[in-house]
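Asker: Provided below are the primary sequence and the corresponding predicted coordinates.
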Amino acid sequence: MNKFIAVLLAAFLLAGLVQNPAAAADEPPSIVSESAVLMDAKTGQVLYEKSMHMRLYPASITKILTILLGLEKGQLQDKVTMSREAVFSVSRGSSHIALDEGEQITLEQALMAAMLPSANDASNGIAEHVSGSVPSFALLMNQRAREAGALNSNFVNPSGLPDDAHVSTAYDMAVIARAALQNDRFREIFGTVRYTIPPTNKQPESRDLWAEHRMLTTNRFYYEGVIGGKTGYTQISQNTLVTAARRGDRELIAVVMKSQNYDVYNDTIALFDYGFDQFIETRLLPSALVNPSPGAGDTRTVQNILEQNQDFSVTRLLHKSVNPGDIVIDYQLVEGSQNAGAGLRLNMRLRTPGGLMYPDLGSVYLQGAPPEDGGKPGWTSTLVSIAKVLLYLILGIAALLFILRWFFRRRRLVRYRSGAGRLGRYNARR
């Protein structure tokens, strides 16, 4: 009997061991870092988040924005001349490639140095080359960040070295990385593993640069499909990491902030496994998912816009346990104008938010047909209005002249008849 019970317990334990991994695979990843986000690079859809809007110190992942601006505002063969401030303002013990005052390198070499070994001196050189000074470059950084959709960040330097005012969020760094990945040259720099800077006017030896991101090279953290990434670390920020990976047509961006030791890589791997394995790309027809409110004054307008856009579709990544019937679309009617018809802003979300995926699926805009006059330019409409006013004015004057003519003719007739009557009575008395 004891042997039978032991065998039975062993069978239950074995069944549990077999079932648990499968059950765990359906669950969101368990992230130990302070903040994280997983984003679809194509649409900007968030698949997973943990405190993604928490303001933290980004450290050297800041350089993603620095490199993007260098590419957008400069030419790769530009000469970058290092100033004394750019070289010696770098704090002792931080990353650099030993650039010297007056040393000249190309902008491409500076960008590679900022990305691969995370050189702070090269980052300062990029900033001064683009904007003339680090403070001026910081203004440009914040402007470009907001254009990308990063609304909770404030950058004060191009390197990410500690500053109480230099903060960002996991979400903001994801949208900045998404904007940067639209630049083909950035993609090349982002995924470069090794680069060599030849001798310069101050350095007789070549400089070999190596990427610090451990998921790019063959080691214990190598991940198939990684196309690039940027590391960051300061004592106050702890480890930060931005990584992009691609499998098939799906490209994902993972951001992890304030992480201890190698947890930064373990969390990133868990996020990618979740995004690639647990989600299905699904085509949605927004017009089929909107139910206009019956009896509302704008119902007919909403229905017309939906009919005009009945073939419009979007794609979203849905967790394999979610189907399109679980999606709700809230709509907002946007008034039209002389040049454009009314439109609908559609906000997509899960009907019942759960823990398997982030419930907000983003928004789309449906444009209605232009006005019946074909959306004539404003000046044409103005001329038409002026012509109408002139026409009404001419008709009014004509009517007034007709009335005055009739009045005076009538008056003369009355006087004539009155005079004729008096003349008749006068002749009768004679």
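Answerer: Cool, got the structure.

Asker: since we're on residue 246, how many residues are nearby?
Answerer: Residue 246 has 15 neighbours, counted by other Cβ atoms under 10 Å. Using the backbone N, CA and C atoms, a C-beta is placed for each residue, glycine as well.

Asker: Am I right that it sits in a strand?
Answerer: Yes - under DSSP: H, G, I helix; E, B strand; the rest coil, residue 246 falls within a strand.

Asker: doesn't residue 225 make contact with it?
Answerer: Yes - in terms of Cβ atoms under 8 Å, residue 246 counts as a neighbour of residue 225; the distance is 5.3 Å.

Asker: what residues are shared contacts of those two?
Answerer: Common neighbours of residue 246 and residue 225, using Cβ atoms under 8 Å, 6 or more residues apart in numbering, do not exist here.

Asker: who touches stretch 137-156?
Answerer: Under Cβ under 8 Å, 6+ apart, the answer for stretch 137-156 is 44, 53, 55, 58, 62, 65-66, 68-69, 72-73, 126-128, 130-131, 157-158, 163, 165-169, 171-173, 175-176, 178-179.

Asker: Which SSE is immediately downstream of the helix or strand containing residue 252?
Answerer: Following DSSP states H and E, one finds residue 252 within strand 250-259. Downstream of strand 250-259, the next assigned helix or strand under DSSP H and E is helix 263-277.

Asker: just the angle between that following helix and strand 250-259, please?
Answerer: Inter-element angle recorded for helix 263-277 and strand 250-259: 150 degrees (by axes from the mean of the first three to the mean of the last three Cα atoms, to 10 degrees).

Asker: And for helix 263-277, what's in contact with it?
Answerer: Residues contacting helix 263-277 (Cβ under 8 Å, 6+ apart): 25, 28-33, 36, 38, 40, 47-48, 214-215, 221, 223, 225, 239-241, 243, 245, 247, 250, 252, 254, 256, 259, 317.

Asker: Show me which of those residues are buried.
Answerer: By neighbour count, with 16 or more other Cβ atoms under 10 Å, the contacts of helix 263-277 hold 28-29, 31, 33, 36, 38, 40, 47-48, 214-215, 221, 223, 239-241, 243, 245, 250, 252, 254, 256, 259, 317 as buried.

Asker: Strands - which of those residues land there?
Answerer: Mapping these onto strands (DSSP state E) picks out 36, 38, 40, 47-48, 239-241, 243, 245, 250, 252, 254, 256, 259, 317.

Asker: List just the nearest of those residues to residue 184.
Answerer: Of all these, residue 184 sits closest to residue 245, with 17.6 Å by Cβ to Cβ.

Asker: Quick one: residues contacting that closest one.
Answerer: Under the criterion of Cβ under 8 Å, 6+ apart, the neighbours of residue 245 are 223, 225, 226, 227, 251, 252, 254, 272, 276.

Asker: Export those as JSON lines, with columns for pLDDT and distance to residue 206.
Answerer: Listed next are the contacts of residue 245 as JSON lines, based on pLDDT from 0 to 100; distance: Cβ to Cβ, whole Å:
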{"residue": "223", "pLDDT": "96", "distance to residue 206": "30"}
{"residue": "225", "pLDDT": "96", "distance to residue 206": "32"}
{"residue": "226", "pLDDT": "97", "distance to residue 206": "27"}
{"residue": "227", "pLDDT": "97", "distance to residue 206": "27"}
{"residue": "251", "pLDDT": "98", "distance to residue 206": "34"}
{"residue": "252", "pLDDT": "98", "distance to residue 206": "36"}
{"residue": "254", "pLDDT": "98", "distance to residue 206": "34"}
{"residue": "272", "pLDDT": "98", "distance to residue 206": "35"}
{"residue": "276", "pLDDT": "97", "distance to residue 206": "39"}
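
Asker: Output the residue ranges of the strands in the chain, listed in chain order.
Answerer: For the chain, the strands defined by DSSP E cover 35-40, 46-50, 79-81, 104-106, 194-197, 207-210, 226-234, 238-247, 250-259, 279-284, 314-319, 327-334, 343-350, 360-367.

Asker: Give me the helices and strands touching the third one, please.
Answerer: Of the remaining helices and strands, those touching strand 79-81 by 3 or more Cβ pairs under 8 Å, 6 or more residues apart in numbering; DSSP states H and E are strand 104-106, helix 107-115, helix 120-131.
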